[in-house]
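Asker: pasting the structure only:
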């Protein structure tokens, strides 16, 4: 095994993707089951996400789902990738993570993002607008203050105050600068545009300010990793998610995952075909040998301490097989 891979933590972000012919409840239960399987395979973390009003994603309440995952596992770290802080009051977020850390001490992570709802209707339902994301840095400092007991209001966040729940910033756009100035670990998900990703990482390291939460920079690179017996099988794992993204960009709806064979038989409009083909490129996909080589390249280029895998596909058994093959790479 490559020494750089051996020195790297590997974790998984599961978005509780829904599948055609299956319910949201099944998608959520699949996430809990996957967490148990990943724990047995030796992955470091399982994170869950926050999406609202999306037909293809059942994960809308990440701290609730994280509690279910943590209660069903024993050792794997559990967290969020992430809670979208502009959607919530920082006090409530602190309280929720304080409860999680109190129930599952030493196993909880607090991944935090700055996105608001994807559509006007969702933002209206949340009582938010696009401008709320601009206040993320201030919201982040308020949230961390609740844990350290530095709120000027005289209110105490119970049971969060005095607890240490590791915070991570999801660094899209200016997020790298916010993570650096706050002295927090950074998750950056741009494997398909590595030059841009590297610029974000370089900026983060250059401007990092040590804090009570992290004494030095910590970089997590995030993206799709698909491993199969042949390159063709690995590519087919990417097909359902690529079609969902193409549909979202051309029809305005992010649908449940569909079987690869049905998608490959579709007659697509030129615009759909363009987005679809784009979704199949730039990912890390192939045989174990090919993926190991690609991961080693990425890790040497970025110096990242951790990889957060975000793979989604219709065939759940094929997805689990991919995670098993990836585990063989990182434990070989």
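Answerer: On my side now, so go ahead. Bear in mind the structure is a predicted one, so any value in this text is a computation, not a measurement. Numbers count the residues shown, from 1 in each chain.

Asker: Only C-alpha atoms from now on, for both contacts and neighbour counts.
Answerer: OK.

Asker: out of all of them, which helix in the chain is the longest?
Answerer: helix 231-251 (DSSP state H).

Asker: Name the residues of that helix that are buried.
Answerer: Going by neighbour count (16 or more other C-alpha atoms under 10 Å), the buried part of helix 231-251 is 231, 233-247.

Asker: Show me where the stretch 51-200 of the chain has its strands.
Answerer: 77-80, 83-84, 110-113, 167-170, 186-188 (DSSP state E, counting those that start in this stretch).

Asker: pLDDT-wise, which helix or strand of this structure ranks last?
Answerer: Within the chain, no helix or strand scores below helix 120-126, which has a mean of 80 by mean pLDDT, DSSP states H and E.

Asker: quick one on the thing from earlier: and the two most separated of the buried residues of helix 231-251?
Answerer: 231 and 247 (24.7 Å; C-alpha to C-alpha).

Asker: quick one: contacts for the nearest residue to residue 189 once chain neighbours are set aside?
Answerer: Spatial nearest neighbour of residue 189, chain neighbours left out: residue 222 (4.2 Å); criterion: C-alpha to C-alpha, 6 or more residues apart in numbering. By C-alpha atoms under 8 Å, 6 or more residues apart in numbering, the contact set of residue 222 is 187, 188, 189, 190, 191, 307, 308, 309, 310.

Asker: residues in contact with the fourth one?
Answerer: Each residue near residue 190 by C-alpha under 8 Å, 6+ apart is listed here: 196, 197, 221, 222, 223.

Asker: mind listing which of the residues you listed are in helices?
Answerer: Mapping the contacts of residue 190 onto helices (DSSP H) picks out 196, 197.

Asker: Quick one: buried ones out of the contacts of residue 190?
Answerer: Looks like those have 197, 221, 222, 223 buried, using 16+ other C-alpha under 10 Å.

Asker: Pipe these into CSV and attach pLDDT and distance to residue 108 per row.
Answerer: Formatted as CSV, these follow (pLDDT from 0 to 100; distance: C-alpha to C-alpha, whole Å):
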residue, pLDDT, distance to residue 108
197, 93, 27
221, 96, 19
222, 95, 19
223, 94, 21
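
Asker: Output these in CSV; the columns should cover distance to residue 69.
Answerer: Shown next, in CSV, are the buried ones among the contacts of residue 190 (distance: C-alpha to C-alpha, whole Å):
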residue, distance to residue 69
197, 30
221, 23
222, 21
223, 22
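
Asker: which one among those gets closest to residue 64?
Answerer: The closest of those to residue 64 turns out to be residue 222 (C-alpha to C-alpha; 23.0 Å).

Asker: so how far is residue 241 from that closest one?
Answerer: 16 Å (C-alpha to C-alpha, to the nearest Å).

Asker: swap in residue 141?
Answerer: 35 Å.

Asker: sorry, back to before: return the member of the buried residues of helix 231-251 nearest to residue 88.
Answerer: Using C-alpha to C-alpha, the buried residues of helix 231-251 come closest to residue 88 at residue 245, 26.7 Å.

Asker: Find the residue closest to that closest one in space, skipping its chain neighbours.
Answerer: residue 254 (6.5 Å).

Asker: Please tell me I have it right and the one you found contacts residue 53.
Answerer: No: the criterion here is C-alpha atoms under 8 Å, and residue 254 misses it with residue 53 at 9.8 Å.

Asker: Could you list the low-confidence segments of the stretch 1-150 of the chain?
Answerer: 1, 117-118, 130-133 (pLDDT under 70).

Asker: Look at residue 254 and residue 53 and report which has more neighbours.
Answerer: Using other C-alpha atoms under 10 Å as the criterion, residue 254 and residue 53 rank with residue 254 on top: 20 against 16.

Asker: And residue 258, how close does it get to residue 96?
Answerer: In terms of C-alpha to C-alpha, residue 258 sits 34 Å off from residue 96.
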